[in-house]
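1. Below are the sequence and a predicted model; questions follow.
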Amino acid sequence: MSLIHTKPDGRRVVALDPAKRVLFLTKDLEKIRAQLRGELDLSMQDVRPDELLDDINTDVMTPAWVCFRHRPEDIALDAYAGLLDASGQRVFGTKALSGGKFQVIVSGQRKGTGSSRETAPQCEKWSGIELVIAHSFAPIHERNNLNLGQLMGTYEQLARLQAGSEIPLEEFTSRYDPVTRAVLEAGGLFPFVAKYKAGEIEVPPPQHPPRALTMAEKILAAKLIGTSGRRVAVAPGDLCLVKVDGGYSHEFTTAQVHYFLGQQYGPDYKVADPRKFAVFEDHLLYADGVKRMMPFATQIQTLRDLQRAFQRHTGVRDFSARDGISPGICHQVAREQFIDPGDFIQATDSHTCMGGGNNALTWGVGATEYAALVYSGFTFVEVPESIRFELVGKLAPECTAKDVILHILQTYAVREDTLNRVMEFGGPGLATLDMDERATLCNMATECSARSGICEGDEISARWISERRPGTTPEQIAARFVKPDPSAHYAGGTHAIDLASIVPMVAKPGDPTYGAGVDAIGDVKIDIAYAGSCTAGKERDLDFYALVLRDALTAGRKVAPGVKMYIQFGSEAVRDYARAKGYLDVFQRAGVEVINPGCGACIGCGPGVSENPSQVTVSAINRNFQGRSGPGKLYLASPLTVAASAVEGRIAAYQPGMFRKPAPVH
């Protein structure tokens with residue numbers, strides 16, 4: 001019996017099928033195993049909310065190797081393959097979820113943090129799950145569930161269902177705006193779009209009197225469809241039909257986009273405007289060389305082939321690898337080449353929000369949503385709330401923007417102040433951060449479970465963007481800046497951050513929110529130092545690595561014995577910059593392995609991944625979920641800290657002159 005069924009009087013209600021089960025994802029992993037074996041059935045009367053797993057990330061639901069499959073029914077075979085016990089053993093075996101006759105799945109806070117991969121809710125839906133229960137959801141993950149037509153509910157609703165109640169469908173959908181509600185009740189985004197195109201559903205623009213707007217609200221208001229050029233105010237919660245200025249996908253996601261479009265619109269489908277969209281080959285370029293990924297070489301090649309087929313079919317911009325070298329990581333290349341102030345950009349990756357450093361509104365979406373918007377040129381957006389960070393002061397020499405965002409994660413994200421909100425950065429302290437450092441702040445908004453991040457524009461950003469847009473002047477770029485109104489309302493509040501008070505930070509293994517000062521973690525010896533990714537493979541990051549390693553070389557030091565340090569460029573432009581500055585010689589003399597542009601170790605698909613659980617890595621990437629970059633322990637840190645740690649052989653904050661002290665004895 002389906003979860004949703006229609007009564008004789010036409011009412012649609014939700015009721016559990018007595019032949020199916022409810023799976024509780026508890027912190028006690030043995031209880032999960034007992035449920036999967038069919039030896040234990042639980043109810044909300046048996047489980048307290050604080051006993052449920054929090055922060056279940058999308059890497060846990062569908063780790064990278066599962067995402068090498070592009071058909072949802074194949075992805076579901078290894079649902080939750082990334083949930084491991086203390087010994088590194090899988091809790092869910094192959095077909096464990098789909099074979100357990102489960103109709104409902106239950107977890108704790110912030111379900112679906114991390115990557116925007118739509119494969120995560122797909123693995124549940126195609127395993128038979130029809131209702132997802134959690135205390136709260138990460139915003140992209142929630143949107144992906146909505147686009148798939150997956151109901152989400154509360155503990156109280158589940159308790160009533162387990163007691164035998166029938167609940168009107170509208171109880172699950174009424175909290176949403178009329179259009180999102182229609183998407184859910186239609187069974188997902190594609191059925192809804194068909195109804196919209198048939199004229200069965202209307203999306204009228206908001207009807208608010210003039211009001212002060214945040215940066216995100218201003219950008220969305222400017223993109224509204226159906227306003228006939230009139231200035232219209234928007235407010236959080238409004239469901240708007242908006243045009244998209246551009247977007248992109250990569251070889252991890254394009255195959256599904258191509259597959260879905262072919263299924264929905266036939267083999268001769270077309271996209272609305274191929275000039276606005278792009279494909280990148282950046283995520284899996286080095287996967288073939290990673291021992292754990294070698295068994296999946298055929299699947300990886302299929303993803304590459306399908307992306308090339310999509311590009312040839314649609315004519316979108318092509319950033320494929322040439323002679324085995326990628327133009328760069330999509331987020332870095334996009335900010336360098338085509339994201340401009342005031343743009344609204346959508347792409348199939350959670351770190352799309354990095355483009356917010358260019359004073360644009362950018363965030364990641366799942367394959368279903370991207371397929372719909374690349375086909376139509378528009379999308380449906382619920383206007384998000386915002387939270388304001390007013391930066392003052394100046395960072396100490398040993399700190400970077402990475403330390404700032406780790407502080408925000410530890411302080412604001414952990415209590416859900418940033419959840420599903422746009423993080424707006426401004427204030428006089430912003431002018432002390434260059435464009436690459438601003439990109440770091442926005443890049444890791446997704447680690448804060450925020451919708452996006454966006455920085456105010458100024459002379460620094462106008463000059464930086466103009467230098468990368470032939471034929472433009474800083475004045476022309478500045479004319480596009482979007483500024484918040486002085487009296488704009490921030491539902492998450494306005495928070496002053498004194499940059500001078502920031503100290504070198506790390507995130508301890510398991511989750512980016514597990515923050516601590518470097519001085520507080522004790523003596524942590526390392527095996528690997530990885531310096532790269534979209535977060536930390538930019539020009540300014542290369543400056544930081546070179547600063548530390550030059551200092552070490554001057555003191556007669558280099559990368560410590562027993563430590564492997566890798567530096568990977570974010571783009572070809574960054575590589576050329578490093579070469580022109582003489583950094584490649586510095587890195588070589590210091591004993592660093594340099595890697596051409598790509599994502600690599602950040603997603604466990606390149607040099608720099610750990611090979612066994614005993615290894616310890618300090619990394620400048622953006623997230624450190626269990627198993628994401630190999631089976632070892634992974635600490636997140638700033639570029640300065642990563643480079644200093646590589647030389648010291650243990651996690652250490654950089655201090656000018658530190659290497660002139662005696663080398664540590666190991």
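-> Perfect, thanks for sending it. From a predicted model like this one, the values you see are computed outputs, not experimental measurements.

2. Tell me if I'm right that residue 205 and residue 232 touch.
-> Yes - Residue 205 is within contact range of residue 232, at 5.3 Å (criterion: CB atoms under 8 Å). For every residue, glycine as well, the C-beta is placed using N, CA and C.

3. For the two, list the residues in contact with both.
-> Here residue 205 and residue 232 share the contacting residues residue 224, scored by CB atoms under 8 Å, 6 or more residues apart in numbering.

4. Compute the number of surrounding residues for residue 299.
-> Using other CB atoms under 10 Å, residue 299 has 19 neighbouring residues.

5. need the contact list for the most centrally placed residue in the chain.
-> For the chain, the residue nearest the mean C-alpha position is residue 350 (2.5 Å; CA atoms, centre = their mean). The contact partners of residue 350, taken as CB under 8 Å, 6+ apart, are 114-117, 140, 364, 446.

6. Got phi/psi on residue 551?
-> The phi and psi values for residue 551, taken as degrees, to the nearest 10, are phi -60, psi -40.

7. which residues touch it?
-> Contacts of residue 551 by CB under 8 Å, 6+ apart are 656-659.

8. one more time with 6 Å
-> For residue 551, the contact set (CB atoms under 6 Å, 6 or more residues apart in numbering) comprises residue 659.

9. That one and residue 318: what is the separation?
-> Distance of residue 551 to residue 318, given as CB to CB, to the nearest Å: 41 Å.

10. related to what we said a few turns ago, any figure for the gap between the closest residue to the residue nearest to the centre of the chain other than its chain neighbours and residue 449?
-> Nearest non-adjacent residue to residue 350, counting by CB to CB, 6 or more residues apart in numbering: residue 116, 3.8 Å away. Distance from residue 116 to residue 449, counting by CB to CB: 12 Å.

11. what's the answer for residue 419, then?
-> 5 Å.

12. and those two? which has more neighbours close in?
-> Neighbour comparison, residue 419 and residue 449: the larger count goes to residue 449, with 27 against 22 (by other CB under 10 Å).

13. roughly how far apart are the more buried one and residue 252?
-> Distance, residue 449 to residue 252, using CB to CB: 21 Å.

14. before we move on, what about residue 337?
-> 20 Å.

15. neighbour count winner among the two?
-> Remark: of residue 337 and residue 252, residue 252 carries more neighbours, 29 against 16, as counted by other CB under 10 Å.

16. I'd like the secondary structure assignment at the residue nearest to that one when sequence neighbours are not counted, please.
-> If the residues on either side of it in the chain are set aside, residue 252 comes closest to residue 283, at 4.5 Å by CB to CB, 6+ apart. Here residue 283 is coil, with the state taken from DSSP: H, G, I helix; E, B strand; the rest coil.

17. Next: residue 506.
-> Secondary structure assignment for residue 506 (three-state DSSP): strand.

18. Can you report phi and psi for residue 592?
-> Note on residue 592: backbone dihedrals following degrees, to the nearest 10 are phi -100, psi 140.

19. Just give the number of residues close to it.
-> With other CB under 10 Å as criterion, residue 592 counts 23.

20. The closest residue to it other than its chain neighbours in helix, strand or coil?
-> Distances taken as CB to CB, 6+ apart put residue 565 closest to residue 592, at 4.8 Å, once the chain neighbours are dropped. Here residue 565 is recorded as strand under three-state DSSP.

21. which residues touch residue 565?
-> Residue 565 makes contact with 529, 559, 592, 646, according to CB under 6 Å, 6+ apart.

22. and with 10 Å instead?
-> Counting by CB atoms under 10 Å, 6 or more residues apart in numbering, residue 565 touches 526, 528-531, 545, 549, 558-559, 587, 590-594, 608, 618, 642-643, 645-647.

23. hang on, residue 473 packs against residue 466?
-> Yes - look at residue 473 against residue 466 with CB atoms under 10 Å: they come within range, at 5.9 Å.

24. can you list the domain ranges for the protein.
-> What automatic domain parsing lists as the domains of the chain is 4-194, 241-381, 383-501, 506-660.

25. which stretch among those domains comes nearest residue 224?
-> Taking CB to CB, domain 241-381 is the member of the domains of the chain nearest to residue 224, at 5.9 Å.

26. Mean confidence (pLDDT) on that closest one, please.
-> In this model, domain 241-381 has a mean pLDDT of 93.

27. Quick one: classify residue 242 as helix, strand or coil.
-> Residue 242 - assigned by three-state DSSP - is strand.

28. I'd like to know how many residues surround the spatially closest residue to residue 590 that is not a sequence neighbour.
-> Among residues not flanking residue 590 along the chain, residue 549 sits closest, at 4.2 Å (CB to CB, 6+ apart). By other CB under 10 Å, 28 other residues sit near residue 549.

29. does residue 549 really touch residue 567, like I thought?
-> Yes - if you go by CB under 10 Å, residue 549 and residue 567 touch, sitting 9.1 Å apart.

30. What are the boundaries of the helices in the stretch 351-500 of the chain?
-> With DSSP state H, counting those that start in this stretch as the criterion, the stretch 351-500 of the chain has helices at 367-376, 401-408, 435-443, 459-467, 474-478.

31. got the angle between the third one and helix 401-408?
-> The reference is to helix 435-443. 30 degrees (axes from the mean of the first three to the mean of the last three CA atoms, to 10 degrees).

32. Can you check what angle separates helix 435-443 from helix 459-467?
-> Using the same axes, to 10 degrees: helix 435-443 against helix 459-467 is 100 degrees.

33. and if you look at the second one?
-> Counting by the same axes, to 10 degrees, helix 401-408 points 120 degrees away from the direction of helix 459-467.

34. Identify each buried residue in helix 401-408, please.
-> 401-408 (16 or more other CB atoms under 10 Å).

35. And the last one, by the same measure?
-> In terms of neighbour count (16+ other CB under 10 Å), helix 474-478 has its buried residues at 474, 477-478.

36. Isn't residue 329 up against residue 347?
-> No - contact criterion CB under 10 Å: residue 329 and residue 347 do not qualify, at 11.7 Å.

37. overlap in contacts of the two?
-> The contact sets of residue 329 and residue 347 overlap at 250, 280, 354 (CB under 10 Å, 6+ apart).

38. Mind checking which of those residues land in strands?
-> With DSSP state E as the criterion, strands contain 250, 280 from among these.

39. Tell me where the stretch 1-150 of the chain has helices.
-> 29-36, 58-61, 64-67, 72-75, 119-125, 139-147.

40. The longest one versus helix 367-376: what angle between them?
-> Taking the same axes, to 10 degrees, one finds helix 139-147 and helix 367-376 inclined to each other by 70 degrees.

41. same question, the first one
-> Using the same axes, to 10 degrees, the direction of helix 29-36 lies 70 degrees away from that of helix 367-376.

42. Could you list every helix and strand that helix 29-36 packs against?
-> Under the contact criterion of 3 or more CB pairs under 10 Å, 6 or more residues apart in numbering; DSSP states H and E, helix 29-36 touches strand 21-24.

43. mean confidence for the strand it packs on?
-> Strand 21-24 carries an average pLDDT of 98.

44. Okay, now the sheet partners of the longest strand anywhere in the chain, with direction.
-> Longest strand in the chain, counting residues (DSSP E): strand 386-392. The pairing partners recorded for strand 386-392 under DSSP bridges are strand 422-426 (parallel), strand 494-498 (parallel).

45. Now the first one - C-alpha only, PDB.
-> To tie it back to what came earlier, the one meant is strand 422-426. Extracted C-alpha coordinates of strand 422-426, given in PDB (Å, rounded to 0.1, in the frame of the first residue of the first chain):
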ATOM      1  CA  VAL A 422      22.000  33.400   3.000                       C
ATOM      2  CA  MET A 423      25.100  34.500   4.900                       C
ATOM      3  CA  GLU A 424      25.800  38.200   4.000                       C
ATOM      4  CA  PHE A 425      29.300  39.500   4.600                       C
ATOM      5  CA  GLY A 426      30.100  43.200   4.800                       C
END
